[in-house]
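Visitor: Fold the following, please.
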Amino acid sequence: MSELLPIYLPGMQGERMGDRSFCAGLIEAGLRNSEIFDWPEHRWMLNNLRDRESHRRMAEELAGRIGALTGKRVVLVGHSTGAMVILDTLEQLGEHPVEQAWLLNAAVSGDYDLRPALAGVRRMVNIYSPRDWLVLNVGTRLFGAADGPRKWCAGFSSFTGPGGDDPRLEQRCYDPAWLKAGHYGGHLGALLLTRFARDVIGPMILQTAAELENT
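Guide: Take a look at the predicted model:
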């Protein structure tokens, strides 16, 4: 069986301590090849949120890199605006799907059309949290979601648009039990402590990989 290669994409702020901690947690969970794709190009964070050309440009770079890989089962994990770049990447990959895509607190409109992105992945998991109302409901109504509209996001209340009922998509609401792993449910909760990636996300990625191997 080929090795898993998790590639983590941070949010609009770019790589920070919390992102490195999250990636370290994946490594501790047994995903030793985990790495960070630090995609943001702008110094001003809101430009990284709203610049669709930048998202697509960096997605093209990532898709090209993935397309050149051999012997790896790619797992994309994106936080906040990083989830938008993942969707753009999957849309470009098309008939060369990655194994898994995990969207954490996705700053993407809830009615976004997932169908083109789902063509580029075997399993997509959207982890959303109603507790992320300040950033992904109030904040994105003021400043806009990563895909442009000023509305609530799928990281706050799931994907409900085209593709939302596709069997390749799994949507998981925040579990209060995750508080034991340091995730309080807010926008940065997944990045506060290494153990959330180590004890929750990492094992779920490995379990999903086992399920896909048997299908």
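Visitor: does residue 185 really touch residue 132, like I thought?
Guide: Yes. With contacts counted by Cβ atoms under 8 Å, residue 185 reaches residue 132, the gap being 6.8 Å. C-beta coordinates here come from the backbone N, C-alpha and C atoms, glycine included.
Visitor: between the two, who's got more neighbours?
Guide: Higher neighbour count among residue 185 and residue 132: residue 132, with 25 against 18, using other Cβ atoms under 10 Å.
Visitor: For that one, list the residues it contacts.
Guide: Residue 132 is in contact with 105, 155, 156, 174, 185, 186, 187, counting by Cβ atoms under 8 Å, 6 or more residues apart in numbering.
Visitor: so where does the third one fall, helix or strand?
Guide: So that's residue 156. In this structure, residue 156 sits in helix 154-157 according to DSSP states H and E.
Visitor: Report all helices and strands that that helix contacts.
Guide: strand 98-104, strand 121-128 (3 or more Cβ pairs under 8 Å, 6 or more residues apart in numbering; DSSP states H and E).
Visitor: quick one: contacts of the helix or strand following the shortest one?
Guide: Sequence-wise, the next helix or strand beyond strand 98-104 is helix 115-118, with elements assigned using DSSP H and E. When contacts are taken as Cβ under 8 Å, 6+ apart, the neighbours of helix 115-118 outside the stretch itself are 86, 87, 88, 90, 91, 101, 124, 162, 163, 166, 168, 169.
Visitor: Cool, thanks, talk later.
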